[in-house]
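Undergrad: Need coordinates for the below:
(2 chains)
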Amino acid sequence: MLNRIVSFTALSLALLTSGAGANKLNPDVSLTLDGHYKQNDTALSHREQGFGLGHTELSLSSPIDDLFSGRLTTVFEEHDGESEVLIEEAYLQTNGLPLGLNVRAGRFLSQVGYLNGRHMHEDDFVERPAAYRALLGSHYYDTGLRINALLPTPFYWQIGAEAFNGNQLSEGAEDIGVYTLNTRVGGDFSAAQSWQAGLSYLHNRQISVDEEDHGHDHNLDDEHGHDHGHGASYTGKNLYIADAVWKWSPNGNTREQQFTLSAEYLYADDLNKFATSDDYHEGWYVSGVHQFTPQWSAGIRYGEVDLREAHGDHFHSQRLKETDVMLAWSRSHFSTLRLQYTHQSATGFSNADNTVALQYVVSLGAHGAHGY
Amino acid sequence: MGTDMRYLPLFIAAVLTGLVSLPARADFHVFACEPEWAALARTFMPDAHFTTATSYLQDPHYIEARPSLIAAMSRADIAVCTGASLEAGWLPALLQRAGNTDIQPGQPGLFFASDHAQLFAPHDHVDRSMGDVHPEGNPHVHLSPDQLPNIAKALAERLGAMRPDNSADIFARYIKWRVNWNFHRANWQERAKALQGRSLVIQHTGFSYLLRWLGIGATMDLEPKPGLPPSASHLNQLLADPRLEDAAAILIASHQNQKPAQWLSAQIRKPILVLPGTVTDDSKTDTLAELISEIINRLESAMPEVANGSL
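TA: Residues are numbered from 1 along each chain as shown, chains lettered A, B, ... in the order given. The predicted structure follows:
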């Protein structure tokens, strides 16, 4: 009897003392809330007019053991009253392998380009540039495998390859529908300035040049007002992306002030079996964001995208020019309010418009470290 | 041309020996998250190669996991950091992207100073409405005269274990450092008598360990909550604080914006003290002991009447 009491007390004592430590066995939970009010509908937009919810993310992440870490990110989205739960990330990843290798398997964001591998809540503008919305569905994620290698150079140089199922970009029957190649270099110009540049190639095997056409889908975008699909609306067999980022802060003290200049160029060709060498998608953007106090930032972004919309055996040209101006206030590292004005001028898009948007992005719970 | 050719074998030999001797000279790479740990590790291993992620002009909470740091981390043999969530915004991304097998949580290659210190003000319950509060306690432990010896000892032991061939030298340098530190500490203790009981307005808790040790009150903070920049409403609230009368000066760190302190200084006619929060490149403050001595010098000149009065 006494034995039992003693062991019971010991057990509860052990539980009590391990209370704080046991918590660390639970995964980090982080929730991102993102909502907006948008005055008008705009072309190639993933955000609805009026009040709307953006990218609501629930994320769990944790080391699995000494070799692996894992992460799950589910996204809640709503389109025309229909709720959807999407799995954006569900991957395991190595915590360090010999030869600077890094392997990730499962579902994750492709590392092509500068913006694609980043989480949407880290963005400086309400929406991704038009070229990203058209060619990558804002952000391309899929199920597959990634192998990266950090080369033993004095500066930063990473090379990487990914293989994906491909169905998140465009439907198809291939087992490996998409593969990508990527290289990235970077360094510091001085204590105040850092930079990174990258080249990426995405091969979409599910754009078969001898595939039967699905029919005439005239004005699909126009009828719906905005794009519901999560894949890309405009694809090509080959997609090339060049990106460059330059950041400046006085003395490298990013807390007080930081200026970020980034630019990307995207080019896709081999659009389908009818495409000639003149038929290609092309887009670019340049963005400058100045965080001028710890809590305030202002930015301007200009981008263009030239698209060829397939109509049976021929293409219609579409062109969208977009200018965004934004002002954002962050009370803390975990909350941001953003006011943005977007100006669109277009040919071939009936829903291009100018709009004012107000957005909040907040994160609750654990807040993962951000990349560059 | 012909004369050049004669030196070619010599040149090749020089390059080859250069290549061979290169790893020998800088064969131990130390990645320090903050300059204080680079300074400490350098006293124990002066020949190692050092990369310091931050400087005294930067807020160590808000550094980016930028490409140059990823490259340096991937080459490093040991990373010496503060821990206690100080680097939570960038170190995990750096460790993950560098993928260095030796520098991962739980590996000897990742040294956290706060693991070898007793942190002040740990919290059982933390939520974000409290500001950027670290549940582990105040991480800015590098200015604690009493805690540094323990951290230094643990670091010397760790470095010695990783480089057994050099461990005798490292231990000898640690003993030398310890003697020097004790000598300084006795001096600081003596000087603390004149500073005891005084008070300062601070911005963030970066100097708190040293101020507590010196007996200087530092409860008035320009930050409304830890990690939030000073706001007009908070400064006005602070202005009504009766304890402000007794404050000798406003103490801020070199990396902080001086405007809020200047505003308050103009209102209350008290001087501003801008001090480096960590070691600098200046030879007067490039070790922790020199830095603490310099901070005390500056505190003494900011509180002259008491310093003179005690004579």
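
Undergrad: host element of B:R185?
TA: Using DSSP states H and E, B:R185 sits within helix B:167-195.

Undergrad: And for A:V362?
TA: With DSSP H and E as the test, A:V362 turns up in strand A:355-365.

Undergrad: Direction included, what does that strand pair against?
TA: strand A:28-38 (antiparallel), strand A:335-347 (antiparallel) (DSSP bridges).

Undergrad: what does that strand rub up against?
TA: Strand A:355-365 is contacted by residues A:28-42, A:47, A:54, A:121, A:126, A:334-342, B:128 when judged by CB atoms under 8 Å, 6 or more residues apart in numbering or on different chains. Backbone N, C-alpha and C define where each C-beta goes, glycine included.

Undergrad: Which stretches in the chain count as helices?
TA: I'll assume chain A. Remark: helices assigned in chain A by DSSP state H are A:2-17, A:19-22, A:130-135, A:220-224.

Undergrad: switch to chain B, that's the one I care about
TA: B:2-25, B:35-44, B:67-75, B:91-98, B:148-162, B:167-195, B:208-214, B:232-239, B:259-268, B:288-302, B:304-309.

Undergrad: And those: which comes nearest chain A?
TA: helix B:67-75 (2.7 Å; CB to the nearest CB).

Undergrad: now the spatially closest residue to A:T355 that is not a sequence neighbour: how far from A:A328?
TA: In space, and not counting its chain neighbours, A:T355 is closest to A:N40: 4.1 Å by CB to CB, 6 or more residues apart in numbering or on different chains. Look at A:N40 and A:A328: by CB to CB, to the nearest Å, they are 21 Å apart.

Undergrad: These two: which is more packed in?
TA: A:A328 (21 against 16; other CB atoms under 10 Å in any protein chain shown).

Undergrad: so the more buried one makes contact with A:Q295?
TA: No - counting by CB atoms under 8 Å, A:A328 does not reach A:Q295; the two are 9.1 Å apart.

Undergrad: Of the contacts of strand A:355-365, grab the buried ones for PyMOL.
TA: To isolate the buried ones among the contacts of strand A:355-365 in PyMOL, judged by 16 or more other CB atoms under 10 Å in any protein chain shown, type:
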select buried, (chain A and resi 28+30+32+33+34+36+38+40+41+42+47+54+121+126+334+335+336+338+340+342) or (chain B and resi 128)
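
Undergrad: What's the local residue count around A:S83?
TA: A:S83, neighbours per other CB under 10 Å, totals 9.

Undergrad: ugh, wrong one, B:F183
TA: Neighbours around B:F183, by other CB under 10 Å: 10.

Undergrad: and what of B:A186?
TA: 9.

Undergrad: Distance of it relative to B:A289?
TA: From B:A186 to B:A289 the distance is 12 Å (CB to CB).

Undergrad: Equivalent analysis for B:P164, please.
TA: From B:P164 to B:A289 the distance is 28 Å (CB to CB).

Undergrad: For these two, indicate the residue with more neighbours.
TA: Between B:P164 and B:A289, counted using other CB under 10 Å, B:A289 has the larger neighbour count: 21 against 9.

Undergrad: tell me the pLDDT at the more buried one?
TA: pLDDT for B:A289: 96.

Undergrad: B:Q196 versus the closest residue to A:G172 other than its chain neighbours, what's the distance?
TA: Nearest residue to A:G172 in three dimensions, chain neighbours excluded: A:Q206, at 2.7 Å (CB to CB, 6+ apart). A:Q206 sits 75 Å away from B:Q196, taking CB to CB as the criterion.

Undergrad: Counting neighbours, go ahead and name the busier of these two.
TA: Each of A:Q206 and B:Q196 has its neighbours counted (other CB under 10 Å); A:Q206 has more, 19 against 12.

Undergrad: Can you give me the distance of the more buried one to A:S170?
TA: 5 Å.

Undergrad: residues touching the closest residue to chain B within chain A, list them.
TA: The nearest approach of chain A to chain B comes at A:G186, 2.7 Å away (CB to the nearest CB). Going by CB under 8 Å, 6+ apart, A:G186 touches A:155-156, A:194-197, A:372, B:66-68, B:70.

Undergrad: just for chain B, where's the confidence low?
TA: Within chain B, the stretches with pLDDT under 70 are B:1-26, B:305-311.

Undergrad: Domain-wise, how is it divided?
TA: B:27-178, B:193-309 (automatic domain parsing).

Undergrad: what about the longest one, near chain A?
TA: Yes - for a cut-off given as CB under 8 Å from any CB of the partner chain, domain B:27-178 has contacts with chain A, namely B:54-55, B:57-59, B:61-68, B:70-71, B:74-75, B:88-106, B:124, B:128, B:131-132.

Undergrad: Count the neighbours of the nearest residue to B:K153 once chain neighbours are set aside for me.
TA: Of all residues not flanking B:K153 in the chain, B:Y174 sits nearest, at 6.7 Å (CB to CB, 6+ apart). If you count neighbours by other CB under 10 Å, B:Y174 ends up with 21.

Undergrad: just to revisit the earlier point, report the spatially nearest residue to the residue of chain A closest to chain B, omitting neighbours in sequence.
TA: B:P67 (2.7 Å).

Undergrad: ok, and what's touching stretch A:164-184?
TA: Contacts for stretch A:164-184 (CB under 8 Å, 6+ apart): A:110-112, A:136-137, A:140-144, A:156-163, A:196-208, A:230-232, A:235, B:67.

Undergrad: Quick one: end-to-end length of that stretch, please.
TA: By CA to CA, to the nearest Å, the extent of stretch A:164-184 from end to end equals 20 Å.
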